[in-house]
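Enquirer: turn this into a structure:
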Amino acid sequence: MVEENVTRLHIDNKEIILIGTAHVSKHSAEQVKEVIESERPDSVCIELDEQRYESITEGNKWSDTNIFKVIKDRKASLLLMNLAISSFQKRMASQFGINAGQEMIQGIESAKETGANLVLADRNIQITFSRIWGNIGFKGKSMLLAQIVGSVFSKESISEEELEKMKNQDTINAMLQEFTDYFPKLKKPLIDERDQYLAQKIKKAPGDKVVAVLGAAHVPGITKEIHKEHDLKQLTKRPPKPKWPKVVGWLIPLLIIAMVVYTFLSNPVAGMQQATSWILWHGALSALGVAIALGHPVAIITAFVAAPISALDPLTAAGWFAGFVQAYFSKPTVRDFERLSEDVFSFKGFWKNKVTRVLLVVVFANIGSSLGTFIGGADVVRLFIDNLIN
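Expert: Got it, this is the predicted structure:
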């Protein structure tokens with residue numbers, strides 16, 4: 001048997017065999033099958049978390065998605081992330097006639113065939129992105145979102161040279177490679193921490209012989225980290241949310257209400273102008289956002305009504321109400337979910353698919369309401385100052 005890309009380790013009377021795979025290589029899948037069948041390990045570890053495992057093993061899972069629950073649980077951005085990854089993988093598969101992640105599928109199948117324990121060894125993707133998100137500022141967040149959207153709509157072909165580089169990366173690393181060049185400190189949550197997590201999961205896998213199917217880029221780090229003990233609880237902690245956004249979120253509405261009430265008591269006409277400005281700016285901009293997303297007319301009206309009120313309540317958002325109404329009047333079908341991976345390839349498909357349309361309604365309604373807070377709020381302050389002076 002060829003030992004190329006295979007690393008053998010012995011730790012605490014346990015033999016650990018690391019297979020460094022190329023995530024876009026047919027040869028890697030064949031090698032995974034060959035190694036597992038010849039070694040007959042007690043456990044097979046694969047570089048997947050539960051969410052990505054379900055995505056691979058339950059290809060039609062999109063059809064079971066409850067769009068109302070996605071909005072309620074504030075997971076619209078996560079759904080967008082999954083769509084971006086799916087689109088990126090499909091673009092590679094379309095260009096080179098390969099299936100990204102085939103070696104992981106082979107690892108799952110071979111584990112079942114040999115009776116080995118299957119261990120999902122990678123950290124939850126939501127936690128990884130959460131720890132990335134907590135390590136960048138406003139500029140970084142804007143760049144990251146732009147890169148994700150760009151990866152969804154990109155029509156550029158992947159060169160042979162780029163493909164060779166990607167063969168040693170997983171999909172997440174490949175998508176964010178350019179981004180990590182701008183923010184080197186993201187290497188820690190994206191690669192280093194995952195090496196530590198993977199090493200600990202592999203080391204603690206049941207049995208005396210363990211085969212681990214990994215992206216080749218992780219093998220050097222795991223080979224180093226596997227000799228140390230790592231606290232999985234610490235590695236899966238979500239970064240604490242800063243308190244200032246919550247404070248500001250409550251402070252602004254309270255100040256706006258206080259200024260409007262004070263102005264009303266001293267000058268009802270000016271107070272009415274403040275209230276009107278607040279309502280019109282929020283309602284109009286939020287409704288415009290829904291209209292740009294090609295939302296249902298009732299969703300547009302809902303955004304207009306909800307935005308001025310929800311802007312004064314940090315616990316709610318205009319996009320939630322507009323999104324619920326959009327989903328109710330234009331409910332996504334099973335076919336819409338099934339076509340997601342194809343429709344996200346183009347702007348037309350993104351706006352046409354009822355699933356992504358709901359997401360756009362939520363996002364654009366909230367963006368419009370946020371703009372309304374800045375513009376309408378500034379006008380409220382202006383009228384308040386004018387009233388004090390006069």
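Enquirer: quick one: distance of the longest helix belonging to the chain to the chain centre.
Expert: When secondary structure is assigned using DSSP state H, the longest helix within the chain turns out to be helix 354-389. Here the centre of mass of C-alpha atoms in helix 354-389, compared against the chain's by CA atoms, centre = their mean, to the nearest Å, lies 25 Å away.
Enquirer: which parts of it are buried?
Expert: By neighbour count with 16 or more other CB atoms under 10 Å, helix 354-389 contains the buried residues 354-373, 375-377, 379-380, 383-384, 387. Just so you know, the C-beta spots here come from the backbone N, C-alpha and C atoms, and that holds for glycine as well.
Enquirer: now it: average pLDDT?
Expert: For helix 354-389, mean pLDDT rounds to 90.
Enquirer: so is Leu18 in a helix, a strand, or just coil?
Expert: Using DSSP: H, G, I helix; E, B strand; the rest coil, the three-state assignment for Leu18 comes out as strand.
Enquirer: again, but for Lys241
Expert: Judged by three-state DSSP, the three-state class of Lys241 is coil.
Enquirer: quick one: pLDDT of it?
Expert: Lys241 is assigned a pLDDT of 73 by the prediction.
Enquirer: separation between it and Ile132?
Expert: In this structure, Lys241 lies at 15 Å from Ile132, with CB to CB, to the nearest Å as the measure.
Enquirer: and the two? which has more neighbours close in?
Expert: When neighbours are counted by other CB atoms under 10 Å, Lys241 and Ile132 differ, and Ile132 comes out ahead with 23 against 10.
Enquirer: can you show me the CA trace of the strand or helix carrying Glu113 as CSV?
Expert: When secondary structure is defined using DSSP states H and E, the element that contains Glu113 is helix 102-114. As requested, the backbone C-alpha atoms of helix 102-114 are provided in CSV (Å, rounded to 0.1, in the frame of the first residue of the first chain):
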residue,chain,number,x,y,z
GLN,A,102,-15.7,13.2,-1.7
GLU,A,103,-12.9,11.9,0.6
MET,A,104,-15.1,12.7,3.6
ILE,A,105,-18.0,10.8,2.1
GLN,A,106,-15.7,7.9,1.4
GLY,A,107,-14.5,8.0,5.0
ILE,A,108,-18.2,7.8,6.2
GLU,A,109,-19.0,4.9,3.9
SER,A,110,-15.8,3.0,4.7
ALA,A,111,-16.4,3.4,8.5
LYS,A,112,-19.8,1.8,8.1
GLU,A,113,-18.5,-1.0,5.9
THR,A,114,-15.7,-1.9,8.3
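Enquirer: which helices and strands does that helix pack with?
Expert: When contacts are defined as 3 or more CB pairs under 8 Å, 6 or more residues apart in numbering; DSSP states H and E, helix 102-114 sits against helix 26-39, strand 43-46, helix 50-57, strand 117-120, strand 209-215.
Enquirer: which parts of the third one are buried?
Expert: Okay, so that is helix 50-57. Within helix 50-57, the residues that count as buried by 16+ other CB under 10 Å are 52-53, 55.
Enquirer: ok, the first one next?
Expert: Buried residues in helix 26-39, counted by 16+ other CB under 10 Å: 28-29, 31-36, 39.
Enquirer: between these, which is nearest Ile67?
Expert: Nearest to Ile67 among the buried residues of helix 26-39: Ala29, at 34.3 Å, using CB to CB.
Enquirer: buried set for stretch 244-252?
Expert: Going through stretch 244-252 with 16+ other CB under 10 Å, the ones that come out buried are Ile252.
Enquirer: neighbouring contacts of it?
Expert: Stretch 244-252 is contacted by residues 314, 373, 377 when judged by CB atoms under 8 Å, 6 or more residues apart in numbering.
Enquirer: three-state assignment of the first one?
Expert: Same thing as Pro314. coil.
Enquirer: that one: what's it in contact with?
Expert: Shown in contact with Pro314 (CB under 8 Å, 6+ apart): 246, 249-250, 253.
Enquirer: hmm, 10 Å instead?
Expert: With contacts defined as CB atoms under 10 Å, 6 or more residues apart in numbering, Pro314 is in contact with 245-253.
Enquirer: ok, now the last one?
Expert: Each residue near Gly377 by CB under 10 Å, 6+ apart is listed here: 252-253, 255-256, 259, 277-278, 281-282, 311.
Enquirer: make JSON lines out of those and add distance to Asp343, secondary structure and pLDDT.
Expert: Formatted as JSON lines, the entries for those read as follows, by distance: CB to CB, whole Å; DSSP: H, G, I helix; E, B strand; the rest coil; pLDDT from 0 to 100:
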{"residue": "Ile252", "distance to Asp343": "38", "secondary structure": "helix", "pLDDT": "86"}
{"residue": "Pro253", "distance to Asp343": "38", "secondary structure": "helix", "pLDDT": "89"}
{"residue": "Leu255", "distance to Asp343": "43", "secondary structure": "helix", "pLDDT": "91"}
{"residue": "Ile256", "distance to Asp343": "40", "secondary structure": "helix", "pLDDT": "91"}
{"residue": "Met259", "distance to Asp343": "46", "secondary structure": "helix", "pLDDT": "93"}
{"residue": "Ser277", "distance to Asp343": "39", "secondary structure": "helix", "pLDDT": "94"}
{"residue": "Trp278", "distance to Asp343": "37", "secondary structure": "helix", "pLDDT": "94"}
{"residue": "Trp281", "distance to Asp343": "33", "secondary structure": "helix", "pLDDT": "95"}
{"residue": "His282", "distance to Asp343": "31", "secondary structure": "helix", "pLDDT": "93"}
{"residue": "Ala311", "distance to Asp343": "32", "secondary structure": "coil", "pLDDT": "90"}
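Enquirer: and these, which are buried?
Expert: When the contacts of Gly377 are checked for burial by 16+ other CB under 10 Å, the buried set is 252-253, 256, 259, 277-278, 281-282, 311.
Enquirer: just curious, which of those residues is nearest to Gly319?
Expert: If you rank the buried ones among the contacts of Gly377 by distance to Gly319 using CB to CB, Ala311 comes first, at 11.5 Å.
Enquirer: would you confirm that that closest one contacts Phe321?
Expert: No. Ala311 lies out of contact with Phe321 (CB atoms under 10 Å); the separation is 12.0 Å.
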